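S.K.: Turn this into a model:
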Amino acid sequence: MSNSFPSKFAKNSEASTGFLFIKTYNLWHTRIKAELSQLDLTHPQFVALTTLAYLLEHQEEVNQRMVADLAEIDVMTLSQIVRLLVQKAYIEKTVSRLDPRANALSLTSLGYEKIQKAVPVVEKLDAQFFGLLGSKQETFRESLKLLVTQKKEQTK
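M.R.: Prediction:
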């Protein structure tokens, strides 16, 4: 067995798409976490709140599965996030009218206030961070959508 680094990118880590992706994600995520912490939110809490708000704009009733599916969050993880958001009084859980085995989720007025503050902060940060791409930003977004779509199809 050799003690050498077994990567084809051993001489140039910048040639690795995955490595560049994680470095970029970490830079973006560090800034997101810093901004959201000032609003007493974690990034997963922000994602759950905004996903719920988005779904409530389009659905009469929203359950945890719907939020988990749209946000691509594991249901058990989302359950823990929802529990914390209920404790913070941002979300209310009630028995679903459509399925008594499920919980319907709704935003409280405090939850709406929180996303009214948080969404512009995150969107401004996104605009600054990804704005560096200039005219390539739409191509980048389309490439990300392609990867998400293709990988979801492969896992079906």
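
S.K.: next one: phi and psi at the spatially most central residue of the chain?
M.R.: Centroid check for the chain by Cα atoms, centre = their mean gives residue 47 as the closest residue, at 4.4 Å. With angles defined as degrees, to the nearest 10, residue 47 sits at phi -60, psi -40.

S.K.: for residue 62, same thing?
M.R.: phi -130, psi 130.

S.K.: contacting residues around the closest residue to residue 62 other than its chain neighbours?
M.R.: Counting by Cβ to Cβ, 6 or more residues apart in numbering, the nearest residue to residue 62 once its immediate chain neighbours are dropped is residue 55, at 4.4 Å. Yep, even glycine has a C-beta here, placed from its N, CA and C like the rest. Counting by Cβ atoms under 8 Å, 6 or more residues apart in numbering, residue 55 makes contact with 62, 66-67, 70.

S.K.: Am I right that residue 55 falls within a strand?
M.R.: No. Applying DSSP: H, G, I helix; E, B strand; the rest coil, one finds residue 55 to be helix, outside a strand.

S.K.: how close does it get to residue 49?
M.R.: Per Cβ to Cβ, to the nearest Å, residue 55 is found 11 Å from residue 49.

S.K.: next one: residue 97
M.R.: Distance from residue 97 to residue 49, by Cβ to Cβ: 22 Å.

S.K.: likewise residue 114?
M.R.: 7 Å.

S.K.: do the same with residue 150
M.R.: From residue 150 over to residue 49 the distance is 28 Å, taken as Cβ to Cβ.

S.K.: ok, those two, which is more surrounded?
M.R.: Taking other Cβ atoms under 10 Å, residue 150 and residue 49 do not tie; residue 49 has more neighbours (25 against 10).

S.K.: Filter the contacts of residue 55 down to the buried ones, ChimeraX style.
M.R.: In ChimeraX syntax, the buried subset of the contacts of residue 55 is picked out as below (16 or more other Cβ atoms under 10 Å):
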select :62,66,67
